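Participant: this is a predicted model, with the sequence first.
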Amino acid sequence: MEANYIKKTPVKLGVTMVVLGMCWAIVYLVPFLQYTWYDPFKEYLGTSNFRMSLLITIYGFGNVFGAPIGGWVADHFNYKWIYVLSVALNGVLGLLFCIHPSYGLAVAVWVGFAVSSLFMNYPTHIKIVRDLASDKNQGKIFGLNETCIGIGNIAISALMNVAFIKMGAGIGGLKGAIITNAILSLVLAVLIAILLDNPKKTGMLNKKTDDSQKVNFKRDFGTVARHPETWYYALTIFSVYSFMSTLSYFTPYFTSVLGVTVVFSAWMSIMRQYGMQLVGSPIGGVISDKIKSPSKLLYVVYIVGFLGFVALLTVKSGWTVVTIIALTMFVSFFVYMARGCYYATLTEVGVPRRLSATTVGVGAMIGFTPDI
């Protein structure tokens, strides 16, 4: 009988979750580098706007083709070393990208990033986190996960920004930021290798005791695809991620429509994304465990989000800038409450732990299509 979950002391669990959060954060920062340093990145490659956007499209196909297969691999093989390798590979790819500025190399490296983060890291990360808590504490563990990701994003982005400034901004600064990310990736790979338990020793690795349990790619995907809980999970991710994607457009809305300064809008963006993630996610996780149903909390989030967007679309005058920003933050808080518990729906709808990563990978095909 497989173990229910991996038991750790509170201190070791806390340290493990912080490092896991930093590992999640670091593998996405360079692939989306143009969102932070667009002009230096474009100058470094010497390319057009269209070809810049094409890199994101190439990377995004990793969700469609990479995540489902990567999830299946994580469910059937030693996911500890898959995860460690994903973080280390991110560092190697970053260093490789700094060797010579060319668009051809960028395409190859971005395909590599899709493999390291979307094929190897994403579904494996969710499986690892799920296995760190009992079924009754899934909301708490995934809420804590989102908080730690927020901490990782803030810490690593700050270090990359310091390197960017110290290296003179521009192309030199861009290289400094990428090299910083690469070095931190290699350090984090070593740390997480130490902190993660080997699933072979904990009993969490799927055991094949007869012919019906042997590795069978077609059978496993058929099982996952036939289960309605897979598609419920996928649509849950899609719904919450749609809210998050829509909220990202409030950054230019503040400047272009409301007339606030770019600096003020940037601070609001940081508060909306990272501030609400640090506060809303753990609260959402705790509440979903208390009421024993993340889905019920998600229904509340959908209603609040829908009403909030309707208000912003229909009220044309009489609202101050402060009122609109406050409403935006209010909706963001609820959205990140949902982000803190939506992975817990895996347990609520009865997805077996042995198929966690496969289900997560298949769910990503639909769940993250708002990017497309």
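Facilitator: Here it is on my side, so go on.
Participant: can you give me the strands for the chain?
Facilitator: With DSSP state E, there are no strands along the chain.
Participant: top helix in it by residue count?
Facilitator: helix 138-166 (DSSP state H).
Participant: from the contact counts, what lies against that helix?
Facilitator: helix 10-29, helix 122-130, helix 170-195, helix 276-290, helix 345-348 (3 or more Cβ pairs under 8 Å, 6 or more residues apart in numbering; DSSP states H and E). Yep, even glycine has a C-beta here, placed from its N, CA and C like the rest.
Participant: now those as a markdown table including mean pLDDT?
Facilitator: Shown next, in a markdown table, are these (pLDDT from 0 to 100):
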| stretch | mean pLDDT |
| --- | --- |
| helix 10-29 | 94 |
| helix 122-130 | 92 |
| helix 170-195 | 93 |
| helix 276-290 | 89 |
| helix 345-348 | 89 |
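Participant: now the longest helix of the chain: buried residues?
Facilitator: If you call a residue buried by 16 or more other Cβ atoms under 10 Å, then helix 138-166 has these buried ones: 138-157, 160-161, 163-164.
Participant: ditto for stretch 107-117
Facilitator: Buried-residue list, stretch 107-117, by 16+ other Cβ under 10 Å: V109, W110, V111, G112, F113, A114, V115, S116, S117.
Participant: just how off-centre is that stretch within its chain?
Facilitator: Stretch 107-117 has its C-alpha centroid displaced from the chain centroid by 16 Å (Cα atoms, centre = their mean, to the nearest Å).
Participant: what's the model's confidence in it, averaged?
Facilitator: For stretch 107-117, the mean per-residue pLDDT is 94.
Participant: list of residues touching it?
Facilitator: Identification of contacts with stretch 107-117 by Cβ atoms under 8 Å, 6 or more residues apart in numbering yields 27-28, 30-31, 55, 58-59, 61-62, 66, 86-87, 89-90, 93, 96-97.
Participant: just the ones of those in helices?
Facilitator: Using DSSP H, those in helices are 27-28, 55, 58-59, 61, 86-87, 89-90, 93, 96-97.
Participant: now, of these, which are buried?
Facilitator: V27, Y28, L55, I58, Y59, S86, V87, L89, N90, L93, F97.
Participant: same list, the buried residues of stretch 107-117, but as JSON lines with distance to T16 please.
Facilitator: Below are these laid out as JSON lines (distance: Cβ to Cβ, whole Å):
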{"residue": "V109", "distance to T16": "29"}
{"residue": "W110", "distance to T16": "30"}
{"residue": "V111", "distance to T16": "30"}
{"residue": "G112", "distance to T16": "27"}
{"residue": "F113", "distance to T16": "24"}
{"residue": "A114", "distance to T16": "26"}
{"residue": "V115", "distance to T16": "24"}
{"residue": "S116", "distance to T16": "20"}
{"residue": "S117", "distance to T16": "20"}
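Participant: wait, which of the buried ones among the ones in helices among the contacts of stretch 107-117 is closest to L312?
Facilitator: Nearest to L312 among those is Y28, at 28.3 Å by Cβ to Cβ.
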